[in-house]
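In: Could you look at this predicted model? Sequence included:
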Amino acid sequence: MLHITDTLIDRHVTATDAQAAMLDAFRSFGRGQAAMQERIRTEAGGVKLSTLGAVIPDQQVAGTKVYTTIAGQFSFVILLFSTVDGRPLASFDAGAITRRRTAACTVLAAKRLARSDAQTRARFGAGTQGVQHALQLSAALPLQRILICDPYADAEAATRLSAQCGVSVSFAQAEEAAAAADIIVTASRSTTPLFPGAIVKPGTFIAAIGSSLPHTRELDDVALSRASAVVVEWRPQSLREAGDLVLADKAVLPDEKILELADVLLDTAPTRKHADDILIYKSVGVGLEDVALAGIAYQRITAAQAAAA
C-alpha cells in the first residue's frame, strides 16, 4: 500500500485542485450520492483520539481520518480505500490535506456568500490555517488588504503574508479589524467571542473555522442574530460540535436560519438576498473533505509516478 507524505501533497495538489474536489464532493453529498461518518472522540490520560470518514462512490473512494490530540497538538493520518473492490489504496500524512481542504471550503462559501465588491479581509489567527486561508482567498477573490489580529503573531508576519499574497497586510486590534472588514475569517482556538457582533458592517461575510468543540466559540449571539443565514458543512455534526451554535440562545438561531453547504453549492438554498445581508459560514471540518481531497491526491500522485516510470 502506498504511503503519501505531506511533501508529495504539497508538490502535486494545488489549491485549485482542492477547491474543485470540495465542490464535486459536496454536490455529490447533496444529491444523496455520498455519505459521511460523524467525528467520534475518545479520550483518556490527556490523549484524545478522533475518527471521521466518508464514502464517495462518484470518486470511487472511501476512507477515514484518524488523529491524536496531545497538549493541543494534532497528528493526522488518512486511510483510503477503493469502492470498486474494497482494497486499501494508500495511507496519508494528512497535515497538508487538512490545511488545503479547510481553506478550499471557505473559498467555495465565500464565492457564494461574500459580496462581489469585498476588498478588506480581517484575519483572526495567524497560524497554519490563517495563512492557508489568506493564500487561497487572495488568489480567488479581488481583495486589496488583509488586517491581522493575533497577539501571538511575530512582528514579521504581516510582511511575509503581504509578499505571499500580493496585497497590503497590516496588524489591527480586534474591534478595528472586525469593524473595517468585508470578509472576516476566524481561525483561533478561542473559548469566548473574538469581537462584538454589533460592530460588524452590514453585508459582511464571516467564516468561523477555528472551533470544533461544543464549549468554545468565536462569535457572539449578536453576530448570529444579525446574520440572515448560517451555513454549515453538515447539520448533524455541526449542531453537536460547533460551540458557536451549541452555546447560542435558541432565539437567535432558529432552525430555518441554518443551511447546509451542499445545498448552497447546488443552488437549492437561498443565500444573499440583499447587499446588506450578513452571512456566516461555520466550519467544523467533516470527513467528506478529507476523503475527497485524499482521493484527488492519490490520482495525481500515482499518475505522476506512472509517467516517471
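Out: Received, thanks. Numbering: from 1, shown residues only.

In: downstream neighbour of the helix or strand in which residue 38 is found in the secondary structure list?
Out: Using DSSP states H and E, residue 38 falls within strand 35-44. With elements assigned by DSSP H and E, the helix or strand that comes after strand 35-44 is strand 47-56.

In: What pairs with that next one, parallel or antiparallel?
Out: Paired neighbours of strand 47-56 in the sheet (DSSP bridges): strand 35-44 (antiparallel), strand 61-70 (antiparallel).

In: Can you spell out which helices and strands pack onto the helix or strand residue 245 falls within?
Out: Using DSSP H and E, residue 245 sits in helix 243-246. With contacts defined as 3 or more CB pairs under 8 Å, 6 or more residues apart in numbering; DSSP states H and E, helix 243-246 has these neighbours: helix 235-241. All C-beta spots, glycine's among them, are computed from the backbone N, C-alpha and C.

In: So what touches the helix holding residue 245?
Out: With CB atoms under 8 Å, 6 or more residues apart in numbering as the contact definition, helix 243-246 has outside contacts at 191, 208, 211, 213-219, 224, 230, 232, 238-240, 253, 258, 282.

In: Averaged pLDDT, it. What do you get?
Out: In this model, helix 243-246 carries a mean pLDDT of 96.

In: so which of the strands paired with strand 47-56 gets nearest residue 81?
Out: Nearest to residue 81, of all the strands paired with strand 47-56, is strand 61-70, at 4.9 Å by CB to CB.

In: mind saving the C-alpha coords of the helix or strand just after that closest one as PDB?
Out: Under the assignment DSSP H and E, the closest C-terminal helix or strand after strand 61-70 is strand 73-82. Presented in PDB, the C-alpha positions along strand 73-82 are these (Å, rounded to 0.1, in the frame of the first residue of the first chain):
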ATOM      1  CA  GLN A  73      -1.100  19.400  19.000                       C
ATOM      2  CA  PHE A  74      -2.600  17.300  16.200                       C
ATOM      3  CA  SER A  75      -1.100  14.300  14.400                       C
ATOM      4  CA  PHE A  76      -3.200  13.200  11.300                       C
ATOM      5  CA  VAL A  77      -3.400  10.100   9.200                       C
ATOM      6  CA  ILE A  78      -5.900   9.200   6.400                       C
ATOM      7  CA  LEU A  79      -6.600   5.700   5.100                       C
ATOM      8  CA  LEU A  80      -8.100   5.500   1.600                       C
ATOM      9  CA  PHE A  81      -9.900   2.500   0.100                       C
ATOM     10  CA  SER A  82     -11.300   1.700  -3.300                       C
END
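
In: Where does residue 263 sit, in terms of helix or strand?
Out: When elements are assigned from DSSP H and E, residue 263 belongs to helix 261-265.

In: which strands and helices sit next to that helix?
Out: Applying 3+ CB pairs under 8 Å, 6+ apart, one finds that helix 261-265 contacts helix 15-30, helix 95-113, strand 227-232.

In: on contacts alone, who are the packing partners of whichever helix or strand comes after that helix?
Out: Counting by DSSP H and E, the next helix or strand C-terminal to helix 261-265 is strand 278-282. Secondary-structure packing of strand 278-282 (3+ CB pairs under 8 Å, 6+ apart): helix 95-113, strand 205-208, helix 221-226, strand 227-232.

In: relative orientation of the last one and strand 278-282 in degrees?
Out: In this structure, strand 227-232 runs at an angle of 20 degrees to strand 278-282, with axes from the mean of the first three to the mean of the last three CA atoms, to 10 degrees as the basis.

In: Next: the first one.
Out: Computed by the same axes, to 10 degrees, the angle separating helix 95-113 from strand 278-282 equals 160 degrees.

In: Quick one: mean pLDDT for helix 95-113?
Out: On average, helix 95-113 scores 96.

In: how big is the angle separating the helix or strand just after it from helix 95-113?
Out: Sequence order places strand 120-124 as the next helix or strand after helix 95-113, per DSSP H and E. Counting by the same axes, to 10 degrees, strand 120-124 points 140 degrees away from the direction of helix 95-113.

In: What's the first helix or strand after strand 120-124?
Out: helix 128-140.

In: Extract the C-alpha trace of the next helix or strand after that next one and format it as PDB.
Out: Using DSSP H and E, the helix or strand that follows helix 128-140 in sequence is strand 145-149. In PDB, the C-alpha atoms belonging to strand 145-149 read as follows (Å, rounded to 0.1, in the frame of the first residue of the first chain):
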ATOM      1  CA  ARG A 145      -5.900  44.300   2.000                       C
ATOM      2  CA  ILE A 146      -5.700  42.000   5.000                       C
ATOM      3  CA  LEU A 147      -5.900  43.000   8.600                       C
ATOM      4  CA  ILE A 148      -4.300  40.500  11.100                       C
ATOM      5  CA  CYS A 149      -5.400  40.300  14.600                       C
END
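
In: quick one: the next helix or strand after strand 145-149 to chain centroid distance?
Out: Counting by DSSP H and E, the element after strand 145-149 in chain order, helix or strand, is helix 157-165. Computed by CA atoms, centre = their mean, to the nearest Å, the separation of helix 157-165 from the middle of its chain amounts to 21 Å.
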